[in-house]
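>>> Sharing a model that was predicted from the sequence below.
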Amino acid sequence: MITTRKRKAASDDDGDEESNPPRKLAAISEEARPNKPLRASTKNAPNAAAGRAGLARKPSTSTIPRNTATTSQTAAAARRTVPTRATSLPPKSAAPKEPVRPTVRPATRPTAAAKPIVRPTTRAQTSRVVSGPARARAAEEERFQALQEQVTSIAADMEAERAKREELEANHHALLSESKTQELNQRRELDTALDELESLKRKHANEQLDWETEVKRKERKIRELEEDVRLRDEDLDRERGTVKALRTTVSQQATAQLTLNAQVTALQAQVTAVQIALDNSSNSAAELALKLEAAEKRIVEQAQEIRDAETHRRKLHNMVQELKGNIRVFCRVRPLLPSDIPSYAMMRPGGSKSPSPSPEDEELVKDKLRAEITYPDKMDHKEIVLRSSSESATGQERKDEWQFSFDRVFEPHSTQAEVFEEISLLAQSCADGYNVCIFAYGQTGSGKSFTMEGGSTETTVGMIPRAVEQVFRVTEELRSKGWVYRMEGQFLEIYNETINDLLGKGEFDKKKHEIHHDKSGRTSVDDVNVIPLTSPNQVRSLLSIAQSRRTVASTLMNERSSRSHSVFTLRIFGENAATGETCEGCLNLVDLAGSERLDKSGAGNDKDRLKETQSINKSLSALGDVVAALGEKGDGKGDKHIPYRNSKLTYLLQNSLSGNSKTLMVLNLSPLANHLNESLCSLRFATKVNNTTLGTARKQIKSA
Ligand SMILES: Nc1ncnc2c1ncn2[C@@H]1O[C@H](COP(=O)(O)OP(=O)(O)OP(=O)(O)O)[C@@H](O)[C@H]1O
């Protein structure tokens, strides 16, 4: 921009030069002005030649400069003065470029020829003309001659001056064009210089930018270096710390080394001693090797002894079970439940219900509801006595007493754990390869399901889950003795002499499940789910599945669970790789249908209930018959027919009831006086079973 503006200014200057005369020329014109008087005098000279009279009459006017001269006269005078100035100019070739003014100044001085010419026009000469006309004329002539000469001279001078002026003008033009050229050159140089300056500025700006970038880079580098230095300082500090710690460690190590050296020395001494001892030991090594060989032989012998002992234990266990009786009966009386107390029992004498009866009142009511049951054998818990008092036909008070004895009697406060303690050995027998059958017998609501399945808590859990857990525990223990077991389970229901699969898909009373017994004593049922059992928890979940299926079925037909038998069967297969023995046991856990009599159940008017009750009675009496027949067979009547086929229940349990099995019946009793007759019936049935002796149990063990 600056360059462009400057160039424009330069071109404006050029325009001025075109329109205005050069300043040097103007200076020359102004310098010429002081010569005006001289020019006036020289101008008057031709005029004097043209009219002498005018000169004579007014001589003073010719010498006095006329300030009132016209412009043309002044211009003419100016033109005449130019040659005068030119005379003092240096020759063209020698003329300097610039200094025109000094050359002009000398030209303003009057020439040497002009001065004598002007001087004669004095007042004294004029006075002589007045004194003699001839002399005056001559003088005038002379003077005229002189003037003419002077004019000629002046004309010559003028000519010379003109020539010189033209020369000067030529010089001037030359100088002007030269100066223009010079100026143009200088301007070009100036432009070039400006361009250079511009490029230098740009270069400088670029260099400054580069320099600033470089400075920033350097600053960044400095910062990085400072950070690096800081980090290195930190590293150095750390290293110093490490070195310090290492020095400490080294000094400690040195101390430790000294200690170790001492220890090494001591150890070397010990090594020497040990070496000696070793030498002695190596001598006895042969003796030890012999002893080891003997010990190994002994271990093998002992392992065999352990196996023999296990076999012996099984035999002894079985003997104990047999001594206890292969068919045993437990009696369990359940506690009185809040649901046993009818609402009328809490009525006031007036008939209104007592809002909150006192514990004493409640206890009195319960005593009235309870049957009179006592447990006289406080030592072995084997006896139970029932009493009742009634009025005879003659109006006399009649007191009856029934005494029963079983393998174990459990009072109402007995826990599930206490009951199972007596049963657990049977689980052991099952793992040893015996068939075991546990029944829960009793009227509806006497606690059969509670005993067999129990509640959901650890304390209330029943015999089935506990027995399964026990079997798993025993099989795990026997693993150390070389036995490996596999287990499977099924859960069936017998309702109206029809078998249903409680682990099936719930198609109750539709599928026909046939029972089969093979010669090896194994029982199987067609088309039922047999689930491999891997853990006690799995068995619990299977039980709850079965329970839910029964509940669903109960919605179709009321109280179905009470009116059907349920049989959970756990089969166990064992194998001892060490001895090559195999065994197969079976644990049947049976929750029988309610045993109440037909007249008591009130089923007489209901066709379905009648059928149910008849089925139950049939199967229960068949069970009694089978047990009785087995008892007779045990008494020596070897050819006695056992009516297993009389009911689905006895046929299903045939192998678990026969002579080579162990059977336990848990008789459940209601504590209510109202149920006394049913309880007596149940007790009589259980006594019949209890008095039966099954044949010697036979273990189902096959030798390899
Ligand atoms: N020993 C006991 N302790 C506490 N409650 C018991 C005991 N025995 C039974 N019960 C309770 O008595 C009620 C009836 O028991 P349960 O259902 O076991 O009788 P059941 O003989 O199996 O009857 P059903 O033939 O109808 O199945 C249940 O509420 C049960 O919880």
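On my side now, so go ahead.

>>> Please name the nearest non-neighbouring residue to the residue of the stretch 301-450 of the chain found nearest the ligand.
Distances between the stretch 301-450 of the chain and the ligand by C-beta to the nearest ligand atom are smallest at residue 447, namely 2.7 Å. The C-beta positions use only the backbone N, C-alpha and C, and glycine is treated the same way. Computed as C-beta to C-beta, 6 or more residues apart in numbering, the closest residue to residue 447 that is not its neighbour in sequence is residue 334, at 3.7 Å.

>>> Test my guess that that neighbour contacts residue 449.
No: Residue 334 is beyond contact range of residue 449, at 11.0 Å (criterion: C-beta atoms under 8 Å).

>>> Tell me which of those two has more neighbours.
Per other C-beta atoms under 10 Å, whichever of residue 334 and residue 449 has more neighbours is residue 334, with 21 against 18.

>>> Quick check: that one vs residue 415, distance?
To residue 415, residue 334 is 12 Å away according to C-beta to C-beta, to the nearest Å.

>>> The ligand contacts on the chain?
334-335, 337, 442, 444-450, 561-562, 594, 668 (C-beta under 6 Å from any ligand atom).

>>> rerun at 8 Å
332, 334-335, 337, 339, 412, 414, 416, 440, 442-453, 455, 460, 559, 561-563, 591, 593-594, 668 (C-beta under 8 Å from any ligand atom).

>>> Quick one, which of these are buried?
Among these, those classed as buried by 16 or more other C-beta atoms under 10 Å are 332, 334, 414, 416, 440, 442-453, 561-563, 591, 593-594, 668.

>>> Just the residues you listed: which are in strands?
332, 440, 591, 668 (DSSP state E).

>>> Out of those, which is nearest to residue 228?
residue 591 (87.2 Å; C-beta to C-beta).

>>> residue ranges with poor pLDDT in the stretch 51-200 of the chain?
51-132 (pLDDT under 70).

>>> at 50 instead, please
Scanning the stretch 51-200 of the chain for pLDDT under 50 picks out the ranges 51-129.

>>> Show me what residue of it gets nearest to the ligand.
residue 199 (113.4 Å).

>>> tell me which strands and helices the helix or strand that contains that residue is in contact with?
For residue 199, the element it lies in under DSSP states H and E is helix 133-324. Under the contact criterion of 3 or more C-beta pairs under 8 Å, 6 or more residues apart in numbering; DSSP states H and E, helix 133-324 touches helix 2-19, helix 23-32, helix 36-50, helix 52-57, helix 71-87, helix 114-118, helix 123-131, helix 416-431.

>>> cutoff 6 Å now
Secondary-structure packing of helix 133-324 (3 or more C-beta pairs under 6 Å, 6 or more residues apart in numbering; DSSP states H and E): helix 71-87.

>>> any idea how far the residue nearest the centre of the chain is from the ligand?
Closest residue to the average C-alpha location of the chain: residue 231 at 34.2 Å, with C-alpha atoms, centre = their mean. As for residue 231, its distance to the ligand is 79 Å (criterion: C-beta to the nearest ligand atom, to the nearest Å).

>>> okay, the ones in strands among the buried ones among the residues of the chain next to the ligand in a markdown table with pLDDT next?
Putting these into a markdown table (pLDDT from 0 to 100) gives the following:
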| residue | pLDDT |
| --- | --- |
| 332 | 96 |
| 440 | 93 |
| 591 | 90 |
| 668 | 95 |
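
>>> quick revisit: what about the residue of the stretch 51-200 of the chain closest to the ligand, distance to residue 193?
From residue 199 to residue 193 the distance is 11 Å (C-beta to C-beta).

>>> now swap in residue 688 and tell me
For residue 688 relative to residue 193 (C-beta to C-beta), the value is 146 Å.

>>> ok, now residue 684?
Separation of residue 684 from residue 193 (C-beta to C-beta): 146 Å.

>>> a strand runs through residue 398, doesn't it?
Yes: counting by DSSP: H, G, I helix; E, B strand; the rest coil, residue 398 is located in a strand.

>>> What about the nearest residue to it once chain neighbours are set aside, how many residues nearby?
By the measure of C-beta to C-beta, 6+ apart, the closest residue to residue 398 outside its immediate chain neighbours is residue 392, 4.5 Å from it. Counted by other C-beta under 10 Å, the residues lying close to residue 392 total 8.

>>> likewise residue 176?
16.
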